[in-house]
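> Sharing a model prediction with you, sequence too.
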Amino acid sequence: MSENNENWLTYDCPPTPNMLLSTAEQAHIGWREALGELIDNAFDSHATTVTVDFEPNRIIISDNGEGCPDARAMVQFGNHLRQRGTQLGRYGIGSKEAFAWIGGIASEVLIQTIHGGKIRYINADWRHCIKVGKWEFRGPPPIDAKPGERGTRIIINGLRRKPPHASADWAKLLDDIGYMYSPALKNGDRQILVCGPREKAPAPLRGYRLPELEPGFVHARTQVAGKSVMVHVGIVKEGVENQRRGITVMHGFRVIIPNSGFGCRDASWQRLAGIVDLEDKAWVLSKNKDNITEHKEELADAVYETCRLLFEKAASQAAALRSTMFASALTEMIRGGVEGTKDSKAKRHKGECKGTVEPKNTGKKHRRARELQPGERIAQQMKAGKIRVEFAPSPPGETKMGIVDAASSSVILYLGHPMIGMIESTQNHVAALGLIASLLVNHDASRGQQLLPFLGDVESSERFIVGISKVLTSNFDEFKLPPAKPRPRIEPPQPQA
């Protein structure tokens with residue numbers, strides 16, 4: 001090929017309307033994302049009210065914003081008009097992808113937009129575009145708007161996908177959209193109204209608000225790559241519901257990264273709730289505004305350093321809670337395994353010994369019963385909560401894995417022992433129950449009577465093992481042992497030459 005390109009020809013190769021087929025089929029979005037693209041455009045045009053009205057086989061999205069100076073940009077792929085104050089729009093793809101996903105190629109989009117005192121119309125009939133093989137849209141010429149008239153109205157005729165029908169699914173969609181636009185809705189100066197297929201009037205969506213936090217939460221501003229970031233994160237108060245666990249990243253009027261462990265690294269974030277607000281407009285977002293494309297790792301590092309002490313506190317609380325819940329589960333399993341196991345108590349014959357015999361200077365002794373009858377003494381102790389499992393720090397110099405405290409009817413496992421620490425961290429019920437049973441049977445008799453004396457005979461021991469086995473096998477999937485790590489291969493020494 002000649003390197004001299006002075007005589008080369010120029011080819012105009014715009015995409016054909018057939019790309020609508022792939023867009024409608026391959027767009028990896030849902031109702032939340034599709035409606036979100038259209039709401040984004042409304043807020044970008046300084047709308048204070050956006051209304052979404054679901055009607056039979058069509059959707060109407062209207063707003064009171066400043067409109068668009070060129071209606072073609074609203075339906076042409078890749079065309080994007082950046083207006084004054086535009087915060088999120090960038091690629092000129094989002095709303096067109098939403099049109100294709102909602103209606104498909106058999107639909108049409110009717111748009112009326114008012115800008116600069118002019119009303120502009122355009123009709124995007126996707127079937128016509130594919131038929132003629134070019135991006136050809138039609139509409140009447142602009143006309144003058146009435147004084148004070150403003151806003152945009154979009155009608156999608158012909159729905160390829162139906163909105164959620166079940167009440168729970170519809171409620172979740174509204175809750176997710178309200179959460180997504182929490183920054184816009186929090187002050188009450190903007191609103192999103194939605195009228196469902198079975199509703200008579202539109203209702204306002206509610207934004208997300210942080211739950212009540214414990215004292216000592218973080219509220220600080222930091223810098224990432226020269227851009228301002230506000231961090232507000234805390235531990236949710238005990239007993240307060242935490243619907244959106246973790247950290248939510250916001251930018252402008254919407255949520256960018258939903259609640260997750262963003263910036264927490266390996267710290268537990270189940271009791272955390274917080275907001276990271278990207279205050280600077282220079283942040284670059286992904287096509288669907290659901291991620292950050294630049295300086296994301298630096299932002300996560302900044303969040304961690306800002307909240308490091310809080311994360312350590314949350315991790316400590318989470319570890320304590322995890323140990324408590326694990327100990328409670330083990331206690332219930334031990335009781336369940338022993339429940340119904342019969343201990344034996346003495347049965348006296350009439351006339352052998354009535355009442356209490358005063359031992360002083362009588363030479364008489366209590367007579368032993370000649371028969372035994374089934375009893376429930378140990379099982380009743382279990383049910384009454386007299387035997388429980390606890391995890392505790394190892395006392396100074398203590399090397400045991402645990403002890404049985406007969407006075408408080410408890411089994412105490414010491415977290416300082418490597419074996420106990422591993423069992424607790426992996427929540428290994430099988431290993432824990434085996435260890436607890438061993439401690440109950442073999443603890444030092446000098447510290448008190450054995451808690452499970454009936455395990456001294458073979459028959460009772462077998463019943464206890466069967467009971468514990470039933471508890472384990474009924475929840476087998478929950479108690480699978482972790483896979484064994486392969487042992488390193490040791491090569492034999494090579495003989496020296």
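Cool, got the structure.
> what distance separates the start and the end of stretch 233-240?
The straight-line separation of the ends of stretch 233-240 (Cα to Cα, to the nearest Å) is 15 Å.
> list the buried ones in it?
With burial defined by 16 or more other Cβ atoms under 10 Å, the residues of stretch 233-240 counted as buried are Val233, Gly234, Ile235, Val236. Yep, even glycine has a C-beta here, placed from its N, CA and C like the rest.
> Can you show me the helices along this structure?
Per DSSP state H, the chain carries helices over the ranges 19-26, 31-44, 94-103, 126-132, 167-180, 182-185, 296-338, 377-383, 418-426, 429-442, 458-474.
> any idea of the angle the second one forms with helix 167-180?
Pointing back at helix 31-44 there. Helix 31-44 and helix 167-180 are oriented at 40 degrees to each other (axes from the mean of the first three to the mean of the last three Cα atoms, to 10 degrees).
> tell me which residues in helix 31-44 are buried?
Judged by neighbour count using 16+ other Cβ under 10 Å, the buried positions of helix 31-44 are 31, 33-44.
> elements contacting that helix?
strand 49-55, strand 58-63, helix 94-103, strand 151-157, helix 167-180, strand 254-260 (3 or more Cβ pairs under 8 Å, 6 or more residues apart in numbering; DSSP states H and E).
> among those, which is the most enclosed?
Counting by mean count of other Cβ atoms under 10 Å, helix 94-103 has the highest mean neighbour count of those, with a mean of 24.
> Touching it from outside, list them.
The contact list for helix 94-103, computed with Cβ atoms under 8 Å, 6 or more residues apart in numbering, reads 20, 23-24, 27, 29, 33-35, 37-38, 40-41, 59, 74-77, 107, 109, 124, 126, 156-161, 287-289.
> next one: stretch 166-175
By Cβ under 8 Å, 6+ apart, the residues outside stretch 166-175 that reach it are Trp31, Arg32, Pro163, Pro164, Val194, Gly196, Leu205.
> which residue sits closest to the fourth one in space, ignoring its chain neighbours?
Closest residue in space to Pro164, ignoring its immediate chain neighbours: Trp170 at 4.7 Å, by Cβ to Cβ, 6 or more residues apart in numbering.
> out of the buried residues of stretch 233-240, which are inside strands?
The strands, defined by DSSP state E, take in Val233, Gly234, Ile235 from those.
> who does the second one bridge with?
Right, the one you point to is Gly234. According to DSSP bridges, Ala273 are recorded as the beta-bridge partners of Gly234.
> Same check on Ile155?
Bridge pairing for Ile155 (DSSP bridges) gives the partners Ile60, Leu110.
> tell me the contacts of it?
Arg58, Ile59, Ile60, Val109, Leu110, Ile111.
> what about the fourth one, neighbour count?
Using other Cβ atoms under 10 Å, the number of residues around Val109 comes to 24.
> for Pro140, what are its contacts?
Contacts were defined as Cβ under 8 Å, 6+ apart; by that measure Pro140 touches Tyr121.
> Now with 10 Å, please.
By Cβ atoms under 10 Å, 6 or more residues apart in numbering, the contact set of Pro140 is Ile119, Arg120, Tyr121, Ile122, Asn123.
> Repeat that for Asn242.
For Asn242, the contact set (Cβ under 10 Å, 6+ apart) comprises Leu210, Pro211, Glu212, Leu213, Ile235, Val236, Asn259, Gln270, Arg271, Leu272, Ala273.
> Roughly how far does the residue nearest to the fifth one when sequence neighbours are not counted sit from Trp101?
With sequence-adjacent residues excluded and distances taken as Cβ to Cβ, 6+ apart, Ile235 is closest to Glu214, at 4.6 Å. The gap separating Glu214 from Trp101 is 42 Å, by Cβ to Cβ, to the nearest Å.
> okay, now Gln270: neighbour count?
The number of residues packed around Gln270, counting by other Cβ under 10 Å, is 14.
> meant to ask about Cys13
Other residues near Cys13 number 5, with proximity taken as other Cβ under 10 Å.
> Likewise for Arg265?
Applying other Cβ under 10 Å, we find 13 residues neighbouring Arg265.
> Now stretch 112-129: average pLDDT?
Model confidence over stretch 112-129, given as mean pLDDT, is 92.
> can you give me the end-to-end distance of it?
Termini of stretch 112-129 sit 20 Å apart (Cα to Cα).
> Equivalent analysis for stretch 390-398, please.
16 Å.
> buried residues in that stretch?
Judged by neighbour count (16+ other Cβ under 10 Å), stretch 390-398 contains these buried residues: Glu390, Phe391, Ala392, Ser394.
> and what of stretch 199-209?
Buried residues in stretch 199-209, counting neighbours by 16+ other Cβ under 10 Å, are found at Pro202, Leu205, Gly207, Tyr208.
> these two touch, right, the last one and Gly274?
No. The criterion here is Cβ atoms under 10 Å, and Tyr208 misses it with Gly274 at 11.8 Å.
> tell me, what's touching the two both at once?
Counting by Cβ under 10 Å, 6+ apart, the shared contacts of Tyr208 and Gly274 are Arg244, Thr248, Asn259.
> I'd like to know how far the second one sits from Gly274.
According to Cβ to Cβ, Thr248 and Gly274 sit 7 Å apart.
> residues shared between the contacts of the two?
Leu210, His232, Val233, Asn259, Phe262.
> these two touch, right, the third one and Arg245?
In this case it means Val233. No. Look at Val233 against Arg245 with Cβ under 10 Å: they stay out of range, at 11.8 Å.
> Mind listing the shared neighbours of the two?
In terms of Cβ under 10 Å, 6+ apart, Val233 and Arg245 are both contacted by the residues Trp269, Leu272, Ala273.
> Can you tell me which of those residues is nearest Val240?
When these are compared for distance to Val240, the smallest value, 9.2 Å, is given by Ala273; criterion: Cβ to Cβ.
> Was I right to think the closest one contacts Cys264?
No. Ala273 is not in contact with Cys264 according to Cβ under 10 Å; the separation is 12.0 Å.
> quick one, which of the two is more surrounded?
When neighbours are counted by other Cβ under 10 Å, Ala273 and Cys264 differ, and Ala273 comes out ahead with 26 against 22.
> so what's that one scoring on pLDDT?
Per-residue pLDDT puts Ala273 at 97.
> Spit out the contact partners of it.
Under the criterion of Cβ under 10 Å, 6+ apart, the neighbours of Ala273 are 208-213, 217, 232-236, 240, 242-248, 259.
> The residue nearest to Ile235: neighbour count?
The criterion is other Cβ under 10 Å. On that basis, Glu214 has 16 neighbouring residues.
> domain assignment for this protein?
Segmentation of the chain into domains, based on automatic domain parsing, reads 19-204, 218-307, 339-346+373-479.
> so where's this protein shaky on pLDDT?
Counting by pLDDT under 70, the chain shows low-confidence ranges at 1-4, 14-15, 22, 24-27, 78-93, 337-386, 441-497.
> wait, His28 sits on Asn288?
Yes. With contact taken as Cβ under 10 Å, His28 and Asn288 are classed as touching, separated by 8.6 Å.
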